[in-house]
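Participant: how would this look folded up:
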Amino acid sequence: MEIQFLGTGAGQPSKGRNVSSTALKLLDELNEIWLFDVGEATQHQILETNIKPRKITKIFISHNHGDHIFGLPGLLSSRSFQGDSGGLTIYGPAGIEQFVQISLKVSKTKITYPIKYVILKDDGIIFEDKQFAVFTAKLDHRIESYGFRVVEKPRPGELQMDKLKQYNLPNGPILGRLKAGETVEYNGHVLNGKDFLGKPRLGRIVSIIYDTRPTNVIGQLAEDADVLIHESTFSGIDSKMAHRYYHSTCVDAATVALQHNVRRLFLTHISARYIGKNSRILEKEAQKIFSNTKLANDFDSYEIKARD
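Facilitator: As a prediction, the model looks like this:
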């Protein structure tokens with residue numbers, strides 16, 4: 001599991017930061033990549049990475065402001081041109097389907113794969129399979145806006161090879177079945193995989209909070225997260241301006257991380273007023289509250305290691 005920032009700026013692109021997009025790479029887990037927001041030129045940013053568009057299976061849109069969605073039609077179109085792309089699901093507020101469909105219709109773009117739309121309305125779970133669940137909650141922005149919480153379910157413990165040594169098992173499918181907790185027969189022995197597994201390992205949690213004022217639901221989405229990605233459009237000094245424009249400060253983000261047992265905080269959605277070295281002001285302010293804070297830059301990546 002790895003996150004990569006494709007755009008960390010706010011409102012409009014700058015020389016140092018493109019507008020919002022974050023990739024959650026689940027290649028080892030699902031052989032998939034999930035995108036959170038697709039600002040203008042996201043597909044150009046992808047060209048600078050090892051991300052393959054056909055691996056993108058889910059796109060989560062926080063809200064319908066242009067700096068979070070203007071890159072969507074182009075990315076969908078290019079994904080179609082590349083061929084051999086499976087279906088894709090877009091999760092987003094009301095209006096996202098109309099935006100995509102009108103853009104494709106006016107430009108006479110033909111998409112060669114199915115697109116499913118899941119319109120966000122209520123707080124709660126919006127996706128679940130055997131390995132992951134995704135939760136959403138409505139935030140406090142000028143327009144309808146949502147935060148996301150990706151939860152990896154507990155994983156089976158490691159196969160304890162020392163306990164199996166006496167059975168002289170060959171490498172291959174038998175060990176795989178035991179690791180999956182199945183019962184197998186070998187040389188007259190009936191072996192229950194569950195008897196040879198260590199303690200289940202806790203799954204990882206990633207929380208992504210884009211445009212919003214501080215609100216209690218952010219804490220619910222961020223609780224115990226391995227990684228919290230939180231918009232930090234303004235510094236703490238500019239808190240009144242942040243409130244007026246329905247945004248958060250780096251201090252707001254750090255306070256959430258401190259109060260809700262977050263392991264690592266990344267600041268994103270940085271206003272262009274904090275250019276170059278000035279952007280470090282945000283990081284330093286946040287670190288005074290929550291030391292394990294990093295200012296995200298375009299193309300930064302971070303591996304989220306499995307919990308013990």
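
Participant: residue contacts, residue 185?
Facilitator: Shown in contact with residue 185 (C-beta atoms under 8 Å, 6 or more residues apart in numbering): residue 191. All C-beta atoms are positioned from the backbone trio N, CA, C, and that covers glycine.

Participant: In three-state terms, how would the residue nearest to residue 258 when sequence neighbours are not counted be classified?
Facilitator: Distances taken as C-beta to C-beta, 6 or more residues apart in numbering place residue 290 nearest to residue 258, at 4.7 Å, with adjacent residues excluded. Classification of residue 290 by DSSP: H, G, I helix; E, B strand; the rest coil places it in coil.

Participant: And residue 290, what's its pLDDT?
Facilitator: Note on residue 290: pLDDT of 98.

Participant: what are the phi and psi angles of it?
Facilitator: Torsion angles at residue 290 (phi, psi; degrees, to the nearest 10) stand at phi -130, psi 110.

Participant: Relative to residue 167, how far out is the residue sitting furthest away from the middle of the chain?
Facilitator: Using C-alpha atoms, centre = their mean, the residue of the chain lying farthest from its centre is residue 188. It sits 47.3 Å away. Counting by C-beta to C-beta, to the nearest Å, the gap from residue 188 to residue 167 is 10 Å.

Participant: ok, now residue 82?
Facilitator: Distance of residue 82 to residue 167, given as C-beta to C-beta: 48 Å.

Participant: same check, this time on residue 107
Facilitator: Counting by C-beta to C-beta - residue 107 and residue 167 are separated by 62 Å.

Participant: What of residue 116?
Facilitator: Distance, residue 116 to residue 167, by C-beta to C-beta: 46 Å.

Participant: do residue 141 as well
Facilitator: Taking C-beta to C-beta, one finds residue 141 at 59 Å from residue 167.

Participant: residues touching the residue nearest to residue 258, list them.
Facilitator: Going by C-beta under 8 Å, 6+ apart, residue 290 touches 254, 255, 257, 258, 262, 265.

Participant: Kindly recompute the last result at 7 Å.
Facilitator: Each residue near residue 290 by C-beta atoms under 7 Å, 6 or more residues apart in numbering is listed here: 254, 257, 258, 265.

Participant: now residue 68, what's its secondary structure?
Facilitator: What three-state DSSP gives for residue 68 is helix.

Participant: Can you tell me the closest non-neighbouring residue to it?
Facilitator: Nearest to residue 68 is residue 37, by C-beta to C-beta, 6+ apart, at 4.3 Å.

Participant: ok, how many other residues are close to the one you found?
Facilitator: Using other C-beta atoms under 10 Å, the number of residues around residue 37 comes to 29.
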